[in-house]
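> quick one, what's the 3D model for this:
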Amino acid sequence: MFNRIFFIAIIIGVPLSVIGSLMHWPAVLLFVIYCATIIALAGYMGRATESLAIIAGPRIGGLLNATFGNAVELIISIFALKAGLISVVLASLTGSVLGNLLLVGGLSFFIGGLKYKQQKFNIYDARHNAGLLIFAVVVAFVFPEVFSYKLNDADSLTLSVWVSVIMIILYVAALLFKLVTHRGVYQSEHDVAHGDETAEWSKWKALIVLALATLAVAYVSEKLVHTFEEVGRTLGWSEVFIGIIIVAIVGNAAEHASAIIMAYKNKMNVAVEIAIGSTLQIAMFVAPLLVLVSLFFEKSMALVFTLPELVAMVLAVFLTISLTSDGDTNWFEGLTLLAAYLIMGVGFYLL
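Numbering: from 1, shown residues only. Model (predicted):
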């Protein structure tokens, strides 16, 4: 049913996005059309990456899902940077971290836990990811924030560039560690391949759908960015709320759906790889890349978040680590993560 709805939304939404932009329809109406179209396109990206996950295996499949899911976020953020909306970009990065850890992880654990009393995943991956989460958020994000109080803007930007380069190098090294040098070393009895499952699409069809959907998302995302200011004024939303809640949910719709489906099918290794792997990719690759890309625009972006954003991300990281370090989940742990997301959402709405 959802596949048909997404197909209809794309067939209607893409032409309406073009027509509405040319005819200058009201910003709020265009905002709704753009968001719905991006979510529908993300749904197709999710189906394509799920097919690739079956073909390539859980780790590479989860990585592909996170990568193409974050591609939407990256595209939206680049256009926002070009428009000078740095606070929206930083807020959307915060929203991605909170959304992946608390919303995606919480929904996956909750919905999967309603069907299965206990769901297990690779405990070695959980411990490995815990260390990287602490490095990416607690070390690499907090450090520039603290030093920014003593540095001028130019020095803060220089520090952010150095931190970004180091984070990207470490992220590439982490992929090399998991997928090449130590592939298969840290396996548990739950890392069983689902060899009897058939991919919905062939490899080439999935790749073509991913490419076309990404191009369409790039076009619609550029139009979406130009509605932020007027929508914020009309609905009374701050740029921080738009970035943390709206852009983050729309930009990560593909992995939201995929992770929940994988958890419902008891494929927790893939679900966790999508939720936590996507967070690591946002923090260690997408955010640093945006810092480097911003150097080519009129306004450069330092890796300096507001204090509420930073505190929210640190709390989300430690809560997630405390609930996932034992290698198993249940519906109550999922509900705990969702409760934390709702509390933070209300806080940022009122901010």
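> who touches the helix or strand containing Val250?
According to DSSP states H and E, Val250 maps onto helix 248-251. Identification of contacts with helix 248-251 by C-beta atoms under 8 Å, 6 or more residues apart in numbering yields 35, 38-39, 42, 70, 72-73, 76-77, 92, 94-96, 98-99, 103, 224, 256. Heads up, the C-betas are built off the backbone N, CA and C, glycines and all.
> how about a cut-off of 6 Å?
Cys35, Ile38, Val72, Glu73, Ile76, Ser92, Gly95, Ser96, Gly99 (C-beta atoms under 6 Å, 6 or more residues apart in numbering).
> what is the nearest of those residues to Ile11?
Closest approach to Ile11 among the contacts of helix 248-251 (C-beta to C-beta): Ile38, at 14.6 Å.
> count of neighbours near the closest one?
27 (other C-beta atoms under 10 Å).
> and the helix or strand where it lies, what does it pack against?
Assigned by DSSP H and E, Ile38 falls within helix 27-56. In this structure, helix 27-56 packs against helix 2-23, helix 58-82, helix 203-225, helix 228-235, helix 253-264, with contacts taken as 3 or more C-beta pairs under 6 Å, 6 or more residues apart in numbering; DSSP states H and E.
> show me what the third one is packed against.
Put plainly, it is helix 203-225. Judged by 3+ C-beta pairs under 6 Å, 6+ apart, helix 203-225 is in contact with helix 27-56, helix 58-82.
> tell me which of those helices sits most buried.
Stretch with highest mean neighbour count among the helices and strands packed on helix 203-225: helix 58-82 (a mean of 24; mean count of other C-beta atoms under 10 Å).
> how far off helix 27-56 does that one point, in degrees?
150 degrees (axes from the mean of the first three to the mean of the last three C-alpha atoms, to 10 degrees).
> could you number the chain from 40 rather than 1 from now on?
Right, with 40 as the first residue, what we last looked at is helix 97-121.
> distance from helix 97-121 to the middle of the chain?
Chain-centre distance of helix 97-121: 7 Å, with C-alpha atoms, centre = their mean, to the nearest Å.
> other SSEs contacting the next helix or strand after that helix?
Proceeding N to C from helix 97-121, the next assigned helix or strand is helix 125-137, under DSSP H and E. Helix 125-137 sits against helix 97-121, helix 278-280, helix 287-290, helix 346-363, with contacts defined as 3+ C-beta pairs under 6 Å, 6+ apart.
> what residues does the first one touch?
This means helix 97-121. For helix 97-121, using C-beta under 6 Å, 6+ apart, the contacting residues are 81, 84, 88, 91-92, 127-128, 131, 135, 249, 253, 256-257, 260-261, 264, 290-291, 293-294, 297, 308-309, 312-313, 316-317, 320, 325, 329, 333, 336.
> Produce a PyMOL select command limited to the buried residues of the residues you listed.
Selecting only the buried entries of the contacts of helix 97-121 in PyMOL, with 16 or more other C-beta atoms under 10 Å as the criterion:
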select buried, resi 81+84+88+91+92+127+128+131+135+249+253+256+257+260+261+264+290+291+293+294+297+308+309+312+313+316+317+320+325+329+333
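> alright, calling it a day.
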